Every structure is written in structure tokens, then in C-alpha cells.
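1. model this:
(one chain, ligands or ions: 2)
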Amino acid sequence: MATLPTAMADALLHRLGPAGFPTEPDALENFGRDWTRFTAPAPAGVALPASVEDVKAIIQLARDHGIAIVPSGGRTGLSGGAMAADGELVLSLARMNKILHVDPVNRSLTCEAGAVTAAIQAAASEQGLMYPVDFASSGSSQIGGNIATNAGGIQVIRYGMTRNWVTGLKVVTGTSELLDLNRGLVKNNTGLDLRHLMIGSEGILGIVVEATLALTKPPANPRVMVIGVPSMSAIMAILEHCQAELPVLAFEFFSDLALDKVIAQHGLPQPLQDRYPFYALVEFEEASADTDIQLAQLIERCMAAGWVEDAVLSHNESQRRALWRLREDISETIARWTPYKNDISTTVSNVPLLLERVESLVATHYADLEVVWYGHIGDGNLHLNILKPEDISVSAFQDRCKSVSEQLFTLLEDLGGSISAEHGVGLLKKDFLRFSRSEQEIALMRGIKRQFDPDGILNPGKVFDPM
Ligand code: 2HG
Ligand code: ZN
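-> Numbering: from 1, shown residues only. Ligands and ions are numbered 1, 2, ... in the order given. As a prediction, the model looks like this:
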């Protein structure tokens, strides 16, 4: 394992104390990885600042000693963006986790970057408000990481991605300077909005240290329906009708194999009497007393058209949560098969074409493997997970899937889609960036990186190589 230069390690210990500079091998291993399992963690050290001044000092030390920094939030990422596999210093924001202020007049919340998403949601809720970016890992993901990856989740169709909710951002750049961006303003047309450059930049331009987030009123009475569906094309027809007639909050789908794994793993009851090839999960707001009648009519029409086989509706909060588990527990359930993940998107109108082409690719190349389909299909985002059979090594499996990715991404390029809808590029997708971004775009990104981080110390080798 690489180690930090002695003078740097001494300075970090002196500034941060033992709690801010753990050196046990377990800590290094834990802080050196995210949820990906394709690279072994090998950081040279871990620093946990307690203040913005600490963050600035750590970056200055890294510059002086030429040591790379890997910013670290809740490490729930799925593209290797927080992996430290090459003697880097991990900079974890875990100790900077305070909610600083909830402001009902501005409908905003200000917090440190290490605040956990669920704690932010709870603080908003205490004021009768809501932070609406939500996903299965919200119990451990941190807002700094959400911002660095522009996290999406299960209600993007209604509320959009993290980007839509960040009204202020404090960031320390690779030159150890603090930027205070947009300061919570709703309206501020004063040139280039650097805040938006930072959002989704995966830690290559600066370290988020504080954020101000917009809040909104929670939906009146959210209800969930799980629908058994005969084909993928039926899902898109149901989506169109739901969106036209209901205040939709989420529109997700999953395959029968996904359901099978989740109910087996957690001993859950089957949601419907029979099993169907696919399921749609629709969450909607019960905006008026008529919603039930509207819904019944909608389902009847969809059944008559052959799109819906059967459906179950939540009648209380615990039923709503139970139905959500069928979708939200998929990723964690299949983790033990070291899945090869695809997180792809296209415009909603192109989804039927995408599904058709991906289905044929899967039939040709993965006929012998278990393929789990699920995702936020209502916003054009499909998660396609290929499960690793026990008798193939991780690297042989990855090589095989990567070669199929070339074809998958070529067809996405044809459709103008994205190779990474919400999980970011990190390490795992950087070889494929060219399928979603032009050469000019990548050259401009490199130039921007040099402006914010002239020494190239922030998360080097993530998203794209320096040259
Ligand atoms: C989800 O939608 C997450 O559940 C994880 O984005 C997706 O595991 C995945 O591929
Ligand atoms: Zn997702």
C-alpha cells in the first residue's frame, strides 16, 4: 500500500487529530471504495475535515506534496467515482454533516456537504416541507455526493434531478479557494452559472462543502399502484395514459426476474395473484375525491386494450411502502451477483425503440445469462443489470459485458441517448464517454478542469483522462 509523505501525514494528524486522520487498514479500505466491486481500494490515507478551513488546508497540503485527492460522500456510487485505488488521499465530508438552517420563508435548507439525504428530508419535513430528490440509498448518501453526481432517483418525472434543487453552493477548488455560488437566489442572471458546472462534476473541479437547497410542499396523499404487464411496449402505453389523466409522482418498471429475486431475498408476499413478464409501479397524488373513480376508469380502459393484466393499489402508508420495496430493493438484492450495470437513457418518445433494440441485443449476447431489467422508465432511464454467474471470474465477466457495451452504446448514440443517465461516469464509464459527448465537448471539459484544478489533484482519472 502506498503511504503519504511523512511531512504531509504529520501535518494532517496535527490539524485534524486522530478522529480526523484514521490510519487503520479497515478505515482505508472502507473509505477507499464505493458500491462498485470491480477495483480494489488502495488509498494512501483518509482525511475527515471538520470545517471549511480544514478542507482548504488539506487541499493546500495535497498541492504542496503532489498527492491526488478523492472526494468521498456516502460512497453509494455505482460508477467508481469515489474509488481510491492508486495511493490517493480520500477526503471524506462525513464529519461535516450539520443541517445549518431551515428557512420556511425562502423554503430552503442550508447544510454542510456531509449531511445525509434522509436527515435533510427529515429536517424539511419537520417544517411541513419536503426535499424531493429521493432514492433507495438516501439513508446513507450525502448531499455533497448527490450534488457531485447530480443524483436522480425515483421521482425525477415529477421533481427533476438534484440540479433543480440546488440554489446555493460553497465549493473549495483545486487551488484551495472558496467559491460562494448563487447564495440561495431564485433569480440571478449575472453571467455563467458556475454552480451548474459544479453539479454533476464528480469531484474533478472542486469539493462541495456547503449547499442551500430549495424545498417544496409534500404531495397531498401519495398512492402507489403495481400493475402486471404483458410486454414492455404496454408499459409505455400505460405511461402515456397515466400522465394524461393522473398527477403522476413516479413511474417505474421492473421485470419478473427482478421481482423474483426481491421477494425470495426478503420473504415478501407476491403483489398480484399471478406473475407477469413486467410490472409498472405508478405513484400518483390523490389530488381530489374523484381520483379513485378516474383511476378505475383508466385501468379498465388499459385492460380492454390488453396493456394491463392485473393491478394492486395501496390504501394506506404501510401498503404504499411495501409496494415501493418491490422496486427499491432490487439494486441491493442483486448486488451479490456482482452485476454489470447499465444506466442508459433516451427521450421518452424514443424509449419503445430503445427497448426493442436492447431486447434484441440482449437476446443475441446474453441468452445464457440472467438479465434484470428495471428503472425509471417514465423519464426514459433504464437500468439493465447483467448478473455474473458463479463460475466466471469478475474480470472475464466484465470483459465480456464491456464488449457488448460497445454495441449498446452505438445504438444509444444513434438514438441520441446517454450512456449514463444518473450514476455518472466515474471510472466504469469513462472509456465510453465518446458515445455521449463529442470530441469538442471533452476538450472543453479538460480546459475547464485545468482552470479549477491546474495541478490535476482532484479525482484524477475519473470521467476522462487528463490528455
Ligand atoms: C435504482 O434506480 C438505482 O435503483 C440503482 O439507481 C440502479 O443498481 C442499479 O443499477
Ligand atoms: Zn436509478
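2. Strands of the stretch 1-150 of the chain, start to end?
-> 45-47, 69-72, 89-92, 99-103, 108-112 (DSSP state E, counting those that start in this stretch).
3. same question for the first one, mean pLDDT?
-> Translated: strand 45-47. The predicted model gives strand 45-47 an average pLDDT of 98.
4. Given it, what are its sheet partners and their directions?
-> strand 89-92 (parallel) (DSSP bridges).
5. next one: the last one
-> Strand pairing for strand 108-112, determined by DSSP bridges: strand 99-103 (antiparallel), strand 206-214 (antiparallel).
6. Residues of the stretch 201-350 of the chain that sit close to ligand 1?
-> Residues of the stretch 201-350 of the chain found near ligand 1 (Cβ under 6 Å from any ligand atom) are Ile330, Ser331, Lys341, Asp343. C-beta coordinates here come from the backbone N, C-alpha and C atoms, glycine included.
7. mind giving me CSV with the strands paired with strand 108-112 and columns for mean pLDDT and mean neighbour count?
-> Shown next, in CSV, are the strands paired with strand 108-112 (pLDDT from 0 to 100; neighbours: other Cβ atoms under 10 Å):
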stretch, mean pLDDT, mean neighbour count
strand 99-103, 98, 15
strand 206-214, 99, 25
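8. Distance to Ile448 for these - can I get that in CSV?
-> Shown next, in CSV, are the strands paired with strand 108-112 (distance: least, Cβ to Cβ, whole Å):
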stretch, distance to Ile448
strand 99-103, 29
strand 206-214, 11
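9. Quick one, which of the residues of the stretch 201-350 of the chain next to ligand 1 are buried?
-> Ile330, Ser331, Lys341, Asp343 (16 or more other Cβ atoms under 10 Å).
10. and the first one, what is it in contact with?
-> What it means is Ile330. Phe254, Ala258, Lys261, Val262, Val372, Tyr374 (Cβ atoms under 8 Å, 6 or more residues apart in numbering).
11. with the residues of the stretch 201-350 of the chain next to ligand 1 in mind, which one is nearest to ligand 1?
-> Ser331 (3.2 Å; Cβ to the nearest ligand atom).
12. check which helix or strand covers the closest one.
-> Using DSSP states H and E, Ser331 sits within helix 330-334.
13. right, and the helix or strand after that helix?
-> Downstream of helix 330-334 (by DSSP H and E), the next one is strand 340-345.
14. what about that following strand, distance to the chain center?
-> 12 Å (Cα atoms, centre = their mean, to the nearest Å).
15. Show the average pLDDT along the helix holding Ser331.
-> So the average pLDDT for helix 330-334 ends up being 97.
16. And the helices in the stretch 201-350 of the chain?
-> For the stretch 201-350 of the chain, applying DSSP state H, counting those that start in this stretch gives helices covering 232-245, 256-266, 291-304, 317-328, 330-334.
17. now the second one, how far from the chain's geometric center?
-> So the one you mean is helix 256-266. With Cα atoms, centre = their mean, you get 22 Å for helix 256-266.
18. and Gly114, how far is that from Gln440?
-> 36 Å (Cβ to Cβ, to the nearest Å).
19. What is the neighbour count of whatever residue of the stretch 351-467 of the chain ends up closest to ligand 1?
-> Of all residues in the stretch 351-467 of the chain, His383 sits closest to ligand 1, at 3.9 Å by Cβ to the nearest ligand atom. Neighbourhood size, His383 [other Cβ atoms under 10 Å]: 25.
20. what angle do the longest helix along the chain and strand 340-345 make?
-> Criterion DSSP state H: the longest helix present in the chain is helix 394-414. Helix 394-414 runs at 10 degrees relative to strand 340-345, counting by axes from the mean of the first three to the mean of the last three Cα atoms, to 10 degrees.
21. Show residues contacting helix 394-414.
-> 37-38, 338, 340, 342, 344, 346, 354, 357-358, 361, 365-366, 386, 388-389, 392, 418-419, 431-432, 435-436.
22. So what's the residue count around Ile204?
-> Burial measure for Ile204: 24 neighbouring residues, criterion other Cβ under 10 Å.
23. correct me, but it touches Gly456?
-> No: look at Ile204 against Gly456 with Cβ atoms under 8 Å: they stay out of range, at 9.1 Å.
24. list residues touching both of these two?
-> Shared contacts of Ile204 and Gly456, counting by Cβ under 8 Å, 6+ apart, come down to Lys449.
25. Please pull out the lowest mean pLDDT helix or strand from this structure.
-> Sorting the helices and strands of the chain by mean pLDDT, DSSP states H and E puts helix 291-304 at the bottom, at a mean of 92.
26. Check the gap between Leu109 and Gln60 for me.
-> 30 Å.
27. So if I had to pick from these two, which one is more boxed in?
-> Leu109 (27 against 14).
28. Right, I'll call it a day here.
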